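1. Sequence first, predicted coordinates after that:
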Amino acid sequence: MPDLENRPALSKHVWIIYILTFILLVCVWYYQWIVGLIMTVVFAASFYYSIRTEKVLLDEAEEYISTISHRVKKVGSEALLEMPFGIILFNDNYQVEWSNPFMNQFKTNKDTIIGESLNNLSEDLIPMIIDNRNEIWVEIGDYTFLCVIKKEEKLLYFLDRTEHQELKERYYNEQTVLAIIFLDNYEEITQNMDDTAKSQLNSQVTAVLNNWSSRYGLYLKRTSQERFLAVGNIEILEELEKVKFAILDEVREMGGSESNPVTLSIGVGAGNMSLPEIGEVAQSSLDLALGRGGDQVAIKDENGKVRFYGGKTNPMEKRTRVRARVISHALKELVRASDNVIIMGHKSPDMDAIGAAIGVLNIAKTNDVPGYIVFDENDVETGVSKLMDHIRRDEELWEQFVSPEEAEDLMADQQSLLIVVDTHKPNMVAVESLLNYTDYKIVIDHHRRAEEFIDNPTLVYMEPYASSTAELVTELLEYQPKGTKLKMLEATALLAGIIVDTKSFTLRTGSRTFDAASYLRSQGADTVLVQRLLKEDLDVFVQRSHIIERTQIYNDHIAIAKAPSGKAYSPVLIAQAADTLLTMEGISASFVISERSDGRVGISARSLGDVNVQIIMEKMNGGGHLTNAATQIEGKTIDEAKEMLVEIIDELEYKKGRDSE
């Protein structure tokens with residue numbers, strides 16, 4: 001190949017030599033013309049040969065350059081038209097002006113995509129171009145592309161990343177998932193069984209779970225009489241979520257009595273974590289599922305987000321007096337080790353929160369430790385105002401109610417024990433800042449456990465099977481030292497809390513509820529005073545009636561009432577309206593929607609147990625019990641809140657009744 005880079009330099013040198021030679025010839029001709037003649041002939045021959053050689057080199061170079069240029073053009077053309085990536089030029093109307101053949105495989109009805117809108121390829125393209133994005137991921141047909149956008153040139157490159165995406169999805173789908181399966185009420189069901197019946201039940205449960213694991217490709221191992229371990233992956237988990245963990249229904253329908261069926265709780269750990277971490281998350285999820293009453297699945301990932309399935313049955317009463325006695329003893333030790341006890345309920349406290357707080361205050365007094373109840377006089381609902389009037393007339397009791405500021409001062413200088421009653425959510429407590437003043441915190445609650453929970457509590461007594469927190473506190477009182485006797489007003493406050501939360505012993509009422517009421521009655525609780533405390537104002541009755549008359553029946557058995565727009569109603573009033581609607585013939589669930597004084601929209605939900613209103617309210621960032629729940633929504637109107645509610649009811653298929661679940 002000719003040295004094109006050095007050729008011009010050599011030609012210049014030759015010309016210099018020729019010039020010097022010519023000068024030499026002139027001199028030779030001058031002195032020796034014969035020698036000059038010979039040298040002239042030689043010089044002419046040499047000059048002719050050099051010119052010819054130079055011409056040959058130039059011709060070869062031109063031919064080589066022409067060949068290379070042709071090949072480069074040919075390669076460029078072939079690359080542009082045949083390479084396995086897409087190129088599109090578009091116009092100002094975002095229509096395809098030109099494309100390479102690779103993109104024609106995505107044509108619709110024509111032989112080419114030229115003239116079609118970019119929307120026909122992907123609805124994401126035009127908005128991303130307008131948004132000045134440089135590149136996006138798009139799916140076209142069976143392909144996944146990285147689309148590089150050159151807006152100024154109106155040019156799009158489509159780089160095939162299908163295999164990359166498939167590998168990414170495969171990596172995600174094959175991440176390990178651990179599930180801990182627990183038979184909620186195995187001991188209760190089998191305690192009166194003989195060995196044969198117990199063996200049959202074990203075989204039946206194992207067979208159902210083995211069939212389930214084989215059907216979905218899970219590895220299942222029984223680790224104890226009431227506990228199983230299942231290993232799978234994300235792909236299997238997604239399949240189980242599509243059918244909403246139907247295994248819960250299969251096991252529930254398998255055996256046990258109608259009043260106490262066999263139920264499962266499943267804790268699932270999933271995500272990009274190490275195996276020990278996934279195991280810890282699975283156990284944490286199981287604790288959460290059991291804390292919410294069992295018969296459900298809790299799934300937690302590496303981000304701490306939790307998803308729930310199931311929870312359709314009313315929790316059975318499983319707690320024992322042994323546990324109550326153990327908790328009472330632990331509570332006594334913690335109280336005695338503290339300088340003072342600060343008791344706090346939830347915002348806008350109800351009868352149950354006030355009654356339970358007064359009961360815990362009595363526990364502190366019994367153990368000779370100063371106790372105080374945090375009470376904000378600016379956050380009092382009508383439902384408890386009469387009780388607070390009676391408390392104010394009892395100077396000794398009223399002195400132990402302190403403002404949030406006074407509570408902070410008490411906790412700042414002493415080793416305080418903070419006891420939270422009737423809630424376990426940090427954002428629901430009366431004064432959230434008090435949670436940071438001490439490392440010693442106790443939670444006593446009867447609500448199903450939610451995802452949010454007070455950090456690092458020293459002791460937790462949560463029983464979703466109990467009717468009320470007042471019932472739990474009453475049981476704890478029975479195992480305290482027989483010192484200070486409950487005052488009549490204190491016992492009445494506790495009894496009022498039980499009566500309100502059970503709707504006068506009609507809902508969530510077990511044998512232990514009546515035992516607690518009997519104990520309080522023996523301590524001097526005044527049932528007549530309870531009725532006086534629960535009497536309502538005529539204006540409140542009229543307001544509630546106005547809400548009820550706006551009720552619409554949805555799907556034949558669900559009552560939905562919307563309060564008038566532009567007027568705020570208290571949570572107590574809309575709760576009472578929901579309770580009233582539930583007493584109507586043919587109504588199995590009721591929802592009352594109204595504006596609140598804080599600008600949010602509140603929904604109070606009630607049911608007789610056929611509809612799980614807790615799950616519905618949790619979908620709207622609320623919570624509660626299967627038969628009693630509520631939520632507050634920001635940035636929505638009453639009509640928008642109703643639309644959300646109806647969509648969730650339809651999504652959960654409650655419109656078909658429990659048989660379709």
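-> Now that the structure is in, tell me what you want to look at. Numbering: from 1, shown residues only.

2. Go ahead and flag the most central residue of this structure.
-> K305 (4.1 Å; C-alpha atoms, centre = their mean).

3. who's in contact with it?
-> By C-beta atoms under 8 Å, 6 or more residues apart in numbering, K305 lies in contact with E451. Bear in mind the C-beta positions are built from the backbone N, C-alpha and C, glycine included.

4. Would you list the phi and psi of it?
-> phi -70, psi 140 (degrees, to the nearest 10).

5. Likewise for L397?
-> The phi and psi values for L397, taken as degrees, to the nearest 10, are phi -70, psi -40.

6. how many other residues sit next to it?
-> Using other C-beta atoms under 10 Å, the number of residues around L397 comes to 19.

7. Also A559?
-> When counting by other C-beta under 10 Å, one arrives at 23 neighbours for A559.

8. Direction included, what does the helix or strand containing it pair against?
-> A559 is located in strand 558-562, with elements delineated by DSSP states H and E. In the sheet, strand 558-562 lines up against strand 551-554 (antiparallel), strand 589-595 (parallel) (DSSP bridges).

9. Out of those, flag the one nearest I363.
-> The closest of the strands paired with strand 558-562 to I363 is strand 589-595. By C-beta to C-beta, the value is 36.0 Å.

10. Now the closest one: average pLDDT?
-> Across strand 589-595, the average pLDDT comes to 94.

11. how far out from the middle of the chain is that strand?
-> 25 Å (C-alpha atoms, centre = their mean, to the nearest Å).

12. neighbouring contacts of that strand?
-> The contact list for strand 589-595, computed with C-beta under 8 Å, 6+ apart, reads 547, 557-563, 565-569, 573-575, 577-579, 581-582, 601-608, 610-611, 613, 638, 641-642, 645, 654.

13. For the nearest residue to E253 once chain neighbours are set aside, name its beta-bridge partners.
-> Counting by C-beta to C-beta, 6 or more residues apart in numbering, E253 lies nearest to P261, which is 7.4 Å off, once chain neighbours are set aside. In this entry, P261 is beta-bridged to G256, by DSSP bridges.

14. And A298, by the same measure?
-> G267, F308.

15. Contact partners for it?
-> With C-beta under 8 Å, 6+ apart, A298 has these contacts: 265-268, 285-286, 288-289, 292, 306-308.

16. Also F22?
-> Going by C-beta under 8 Å, 6+ apart, F22 touches F43.

17. Now the helix or strand harbouring it: average pLDDT?
-> With secondary structure defined by DSSP H and E, F22 is part of helix 7-31. For helix 7-31, mean pLDDT is 66.

18. now do stretch 235-253
-> On average, stretch 235-253 scores 89.

19. Output that stretch as CSV, nothing but the C-alphas.
-> Below are the C-alpha coordinates for stretch 235-253, written out as CSV (Å, rounded to 0.1, in the frame of the first residue of the first chain):
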residue,chain,number,x,y,z
GLU,A,235,-42.4,-15.1,41.4
ILE,A,236,-44.3,-17.6,43.5
LEU,A,237,-45.2,-14.9,46.0
GLU,A,238,-46.8,-12.8,43.3
GLU,A,239,-48.9,-15.8,42.2
LEU,A,240,-50.1,-16.3,45.8
GLU,A,241,-51.0,-12.7,46.1
LYS,A,242,-53.0,-12.9,42.9
VAL,A,243,-55.3,-15.4,44.5
LYS,A,244,-55.1,-13.5,47.8
PHE,A,245,-53.6,-16.4,49.7
ALA,A,246,-56.6,-18.7,49.2
ILE,A,247,-54.9,-21.2,51.5
LEU,A,248,-56.4,-19.3,54.4
ASP,A,249,-59.9,-20.1,53.2
GLU,A,250,-59.0,-23.7,52.5
VAL,A,251,-57.7,-24.3,56.0
ARG,A,252,-60.5,-22.4,57.6
GLU,A,253,-63.1,-24.6,55.8
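
20. Buried residues in it, which are they?
-> Neighbour-count burial for stretch 235-253, counted by 16 or more other C-beta atoms under 10 Å, picks out 235-237, 240, 245, 247-249, 251-252.

21. which stretches of the stretch 51-200 of the chain have low pLDDT?
-> Along the stretch 51-200 of the chain, segments meeting pLDDT under 70 span 64-83, 108-110.

22. For it, which segments are assigned as strands?
-> 86-90, 96-99, 135-140, 143-150, 155-160, 176-183 (DSSP state E, counting those that start in this stretch).

23. Give me the residues contacting the third one.
-> Think strand 135-140. With contacts defined as C-beta under 8 Å, 6+ apart, strand 135-140 is touched by 106, 121-122, 124-125, 128, 144-149, 158, 161, 165.

24. Farthest-apart pair in those, please.
-> I149 and Q165 (18.9 Å).

25. more crowded one of those two?
-> Using other C-beta under 10 Å as the criterion, I149 and Q165 rank with I149 on top: 19 against 16.

26. Count the neighbours of H424 for me.
-> Using other C-beta under 10 Å, the number of residues around H424 comes to 24.

27. In strands only, show me the buried residues of stretch 235-253.
-> Of the buried residues of stretch 235-253, none are assigned to strands by DSSP state E.

28. Adding distance to I499, write those out as CSV.
-> CSV is the format used below for these (distance: C-beta to C-beta, whole Å):
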residue, distance to I499
E235, 51
I236, 48
L237, 44
L240, 42
F245, 37
I247, 39
L248, 33
D249, 35
V251, 36
R252, 32
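
29. for these, which one is nearest G371?
-> Set against G371, the nearest of these by C-beta to C-beta is L248 (42.9 Å).

30. show me what contacts A357?
-> 343-345, 349, 373, 421.

31. coming back round to it: mean neighbour count, the strands of the stretch 51-200 of the chain: which tops it?
-> Ranked by mean neighbour count under mean count of other C-beta atoms under 10 Å, these are led by strand 176-183, which reaches a mean of 22.

32. Kindly export that one (C-alpha atoms) in CSV.
-> This file holds the C-alpha atoms of strand 176-183, laid out as CSV (Å, rounded to 0.1, in the frame of the first residue of the first chain):
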residue,chain,number,x,y,z
THR,A,176,-35.6,-15.8,48.1
VAL,A,177,-38.8,-15.6,50.1
LEU,A,178,-39.3,-17.1,53.5
ALA,A,179,-42.7,-17.7,55.1
ILE,A,180,-43.4,-18.9,58.6
ILE,A,181,-46.8,-20.5,58.9
PHE,A,182,-48.5,-20.8,62.3
LEU,A,183,-51.7,-22.6,63.3
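
33. quick one: strands adjacent to it?
-> When pairs are called by DSSP bridges, strand 176-183 turns out to pair with strand 227-233 (antiparallel), strand 264-270 (antiparallel).

34. quick one, which of those strands is packed in tightest?
-> Greatest average neighbour count among the strands paired with strand 176-183 goes to strand 264-270 (a mean of 26), per mean count of other C-beta under 10 Å.

35. Could you tell me the angle between the next helix or strand after that one and strand 176-183?
-> Sequence order places helix 275-291 as the next helix or strand after strand 264-270, per DSSP H and E. For helix 275-291 against strand 176-183, the angle by axes from the mean of the first three to the mean of the last three C-alpha atoms, to 10 degrees is 30 degrees.

36. How far off centre is helix 275-291?
-> Per C-alpha atoms, centre = their mean, the centroid offset for helix 275-291 relative to its chain is 16 Å.

37. before we move on, back to that, quick check: of the contacts of A357, which has the highest neighbour count?
-> Neighbour counts for the contacts of A357 (other C-beta under 10 Å) peak at V421, which has 32 neighbours.

38. Would you check how far apart that residue and A356 are?
-> 4 Å (C-beta to C-beta, to the nearest Å).

39. Show me whatever sits in contact with both of these two.
-> Common neighbours of V421 and A356 (C-beta under 8 Å, 6+ apart) are 345, 444, 469, 473.

40. In helices, which of those residues fall?
-> Counting by DSSP state H, the part of the shared contacts of V421 and A356 found in helices is 469, 473.
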